[in-house]
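Peer 1: Fold the following for me, if possible:
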Amino acid sequence: MADIKYTITQHIGILSESSKGWKKELNLISWNDREPKFDIREWSPEHEKMGKGVTLSKEEIVALRDLLNGLV
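Peer 2: Got it, this is the predicted structure:
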């Protein structure tokens, strides 16, 4: 399997933290030198390991925001 290259271009915030120090974060990440996208996933304390996550375009994150705003 080929290595996946990523760069966290903007740390937006932490959604939660586990007892082992892993943090579920919202970041802007450039995957394999592509345009940065919004990304939600768990990261180990030093960002050396990551869990499975979801990557969203700007349009998708706006749609998610709108959906969540409709819940309240």
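Peer 1: When you work out contacts or count neighbours from here on, use the C-alpha atoms and nothing else.
Peer 2: OK.
Peer 1: so where do the helices sit in this structure?
Peer 2: Per DSSP state H, the chain carries helices over the ranges 58-69.
Peer 1: Quick check, pLDDT for Tyr6.
Peer 2: Looking at Tyr6, its pLDDT reads 94.
Peer 1: Tell me the spacing between it and Leu56.
Peer 2: From Tyr6 over to Leu56 the distance is 15 Å, taken as CA to CA, to the nearest Å.
Peer 1: With neighbour numbers in mind, choose between the two.
Peer 2: Leu56 (16 against 13; other CA atoms under 10 Å).
Peer 1: in the sheet, who's paired with the more buried one?
Peer 2: Phe38 (DSSP bridges).
Peer 1: wait, doesn't it sit right on Pro36?
Peer 2: No. Contact criterion CA atoms under 8 Å: Leu56 and Pro36 do not qualify, at 9.6 Å.
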